[in-house]
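Peer 1: Build the 3D model from these lines:
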Amino acid sequence: RAEGTGWYAAAARPSGSNSGSVKPAAATVKQIVSNITGGAFAVKSDGSLWSWGYNPYGQLGVGDKKERLSPVKVMDNVSTVQSVGEVSFALRKDGSLWSWGGNPYGQLGVGDKKEHLTPVKVMDGVSTVQSGSDVSFAVKKDGSLWGWGGNSYGQLGVGDKKERLSPVKVMDNVSTVQSVGEVSFALRKDGSLWSWGKNSGYLGLGVGDGVDHLRPVKVMDGVSSFQVVCNDYLFDGDAVFVLRKDGSLWGWGGNSYGQLGVGDRVSHDTPVKVMDGVSTAGTESAAEKTGPSSYAEYVYAYAVRKDGSLWSWGDNTCGELGVGDKSERLTPVKVMDGVSAVESVNGSSFAVRKDGSLWAWGYNSIGELGVGDKSERLTPVKVMDGVSAVRFGGGSGCFEEYPSVFVVRKDGSLWAWGDNSLGQLGVGDKSARLRSVKVMDNVSIVQPEGYSSFAVRGDGSLWAWGSNGGLQLGVGDESDRLKPVKVM
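Peer 2: Purely as a prediction, here's the structure:
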C-alpha cells in the first residue's frame with residue numbers, strides 16, 4: 001500500500017545506482033523484504049538498496065526483467081523499501097519517494113500506466129508509504145495524505161471512482177493509513193479514525209449506513225491504534241479492531257464465530273465495545289479445505305490487558321483459545337497472567353510471558369507447538385525460556401499449509417521447529433521437528449517469508465535458507481538450501 005503526490009520524474013536511475021552485478025560493500029543489513037513473486041530486497045546501514053530473485057515485472061529496479069541470482073545494487077540513500085506483487089517503492093533519507101515495476105492501474109504514481117524498470121521519483125517530503133496490489137498511499141511529513149492507483153470502489157477517498165495516475169491529496173493531519181482491498185482507513189493526529197470506500201459485505205466502514213463513501217467519513221474519536229483483518233479464504237472473517245486511548249477495545253465486521261467478543265454471532269456495522277484495560281490486541285483467521293472450492297472458517301481473537309492478563313474469544317475448534325476445552329466463546333475469557341506478547345497462526349497460539357518463557361497451545365498437526373508430539377493442547381504448555389521474539393514461516397491462512405516457528409532467544413541464538421518440507425528450518429534436512437532445534441547463534445533479526453528464511457546476525461551479515469524457487473535466497477544459484485548460507 002502506498003503514498004504520494006507525484007512530481008513524476010523521468011525514468012532515469014538515481015545517481016549511484018547500478019544494474020550490474022557488484023560485490024556488496026561492507027555495511028550491515030537493517031531491513032529485509034521478500035516479495036511473493038520471488039524478488040527480495042535488502043537495505044544496508046549505508047543507505048544502499050540491493051535486490052535479487054525473479055523479476056517478471058521489472059520489480060527489482062535494475063533496468064530489465066532478467067532474474068538475478070545474487071544481490072544487485074539499485075540505488076543509494078534509502079531508508080526503507082516496500083515491494084508488493086509487481087510494484088516496488090523506496091523511501092529515501094531526504095524524504096523523496098521512488099517507485100518502479102508493473103503499473104497496470106497507475107499504482108506507481110508517475111503519471112502513466114507503463115512499466116518502469118528503474119526507480120522513478122514520485123514525490124518529496126514523504127514520511128511513510130503503503131502499497132497494495134492496485135492502490136497506493138503516502139503520508140507526507142506535514143501530515144497530508146495522498147493516494148493514487150485503482151479506485152473502482154472509491155477507495156482512494158477523492159470523491160469519485162476514477163483511477164489516478166499521479167498522487168491526489170485526500171486529507172490532512174494523518175498519522176497512519178491502511179487500505180485493504182475495497183476499503184481504506186486513516187488515523188489522524190487528533191486520534192480520530194476515518195474510513196472510505198465500499199461499505200457493504202462483512203467488513204464495512206464502521207459507520208452503519210450501508211452506503212459507499214467516496215470521501216473520508218469519521219468513525220470514532222480517541223483512537224490510539226487499529227487493525228484490519230482479512231483472510232482470502234474466508235467470507236465472514238474480515239473485521240476491524242480499534243484500541244482507544246482510554247484502553248478500551250472496540251470492533252466491527254464479520255462475527256459468525258463470535259470473533260468480535262461482544263456476546264453474539266451477529267455482524268456489526270458500527271463499533272461495539274469488547275472490553276476495557278487493554279494494552280494490545282490481535283486476531284487470527286484460518287480455514288480448512290472441505291471441498292474443491294469450499295472452506296470451513298476459523299476466526300478468533302485475543303487481548304493482553306494492562307495488568308498482563310491474556311484473554312481470548314471466538315472460534316475454538318482446535319483449542320486455540322487455551323481455555324481448557326473446544327467450545328467457542330462469545331465474550332473474552334481469561335487464559336493466563338504475566339503475558340507480555342501473544343502471537344497466533346493457523347489455530348496455534350503462543351504467548352511470551354514477562355519472565356521470557358514461551359508457552360503454546362491449540363492446533364498441533366505437524367508439531368508446530370514445539371512440545372514434542374502432535375497432540376493438540378487445550379491449555380498453555382511451556383516450550384522454552386529466555387525468549388525475546390517469535391516469528392512464523394511456512395504456510396498461513398489455511399490448515400493445509402503448515403507453519404514453521406522461529407524463536408530468537410535473549411542470548412541471540414535462533415531456534416526453530418514445525419514444518420520443514422522445503423528446508424525452511426535451516427537444520428540440514430527436510431524433516432519436521434516436534435521440539436526446538438538450534439539453527440545458529442548471534443542473530444539480531446529473523447524474517448521467515450513463506451518457505452524461505454532470512455536472518456541478520458549481530459555483525460550485520462545477511463543469511464538465507466529454505467526454498468529458492470523464486471531465486472529469493474540470493475545465493476548465486478537456483479538450489480534450495482537446508483542450512484543458512486551467507487548472502488551479503
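
Peer 1: can you give me phi and psi for Tyr54?
Peer 2: Backbone torsions for Tyr54, taken as degrees, to the nearest 10, come to phi -60, psi 150.

Peer 1: I'd like to know how far the residue nearest to it when sequence neighbours are not counted sits from Ser421.
Peer 2: Closest residue to Tyr54 apart from its sequence neighbours, by CB to CB, 6 or more residues apart in numbering: Gly38 at 3.2 Å. From N, CA and C alone the C-beta is placed, and that goes for glycine too. Between Gly38 and Ser421 the computed distance is 18 Å (CB to CB, to the nearest Å).

Peer 1: between the two, who's got more neighbours?
Peer 2: For Gly38 versus Ser421, neighbours defined as other CB atoms under 10 Å are more numerous around Gly38 (20 against 17).

Peer 1: Give the buried residues for stretch 107-116.
Peer 2: 107-111, 115-116 (16 or more other CB atoms under 10 Å).

Peer 1: which one of these sits closest to Leu434?
Peer 2: Gln107 (43.6 Å; CB to CB).

Peer 1: Which pLDDT does the model give the closest one?
Peer 2: For Gln107, the model assigns a pLDDT of 94.

Peer 1: For it, give me its contacts.
Peer 2: 2, 87, 131-136, 148-150 (CB atoms under 8 Å, 6 or more residues apart in numbering).

Peer 1: Could you list the low-confidence segments of the protein?
Peer 2: Applying pLDDT under 70 to the chain flags the ranges 1-26, 201-203, 230-237, 286-297, 395-401.

Peer 1: switch the cut-off to 50
Peer 2: 1-25, 233-235, 397-400 (pLDDT under 50).

Peer 1: ok, then the element right after the host helix or strand of Phe226?
Peer 2: Using DSSP states H and E, Phe226 maps to strand 223-229. Sequence-wise, the next helix or strand downstream of strand 223-229 (DSSP H and E) is strand 239-244.

Peer 1: tell me the angle that following strand makes with strand 223-229.
Peer 2: Using axes from the mean of the first three to the mean of the last three CA atoms, to 10 degrees, the direction of strand 239-244 lies 170 degrees away from that of strand 223-229.

Peer 1: ok so, going back, would a markdown table of the contacts of Gln107 with distance to Gly197, neighbour count and secondary structure be doable?
Peer 2: Shown next, in a markdown table, are the contacts of Gln107 (distance: CB to CB, whole Å; neighbours: other CB atoms under 10 Å; DSSP: H, G, I helix; E, B strand; the rest coil):
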| residue | distance to Gly197 | neighbour count | secondary structure |
| --- | --- | --- | --- |
| Ala2 | 16 | 30 | coil |
| Val87 | 19 | 30 | strand |
| Ser131 | 17 | 27 | strand |
| Gly132 | 12 | 22 | coil |
| Ser133 | 15 | 18 | coil |
| Asp134 | 12 | 20 | coil |
| Val135 | 9 | 29 | strand |
| Ser136 | 14 | 34 | strand |
| Trp148 | 15 | 32 | strand |
| Gly149 | 13 | 28 | strand |
| Gly150 | 11 | 20 | coil |
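
Peer 1: Going by distance to Ser195, which of those wins?
Peer 2: Val135 (14.3 Å).

Peer 1: Surely the closest one and Gly154 touch.
Peer 2: No - at 10.7 Å, Val135 does not count as touching Gly154 under the criterion of CB atoms under 8 Å.
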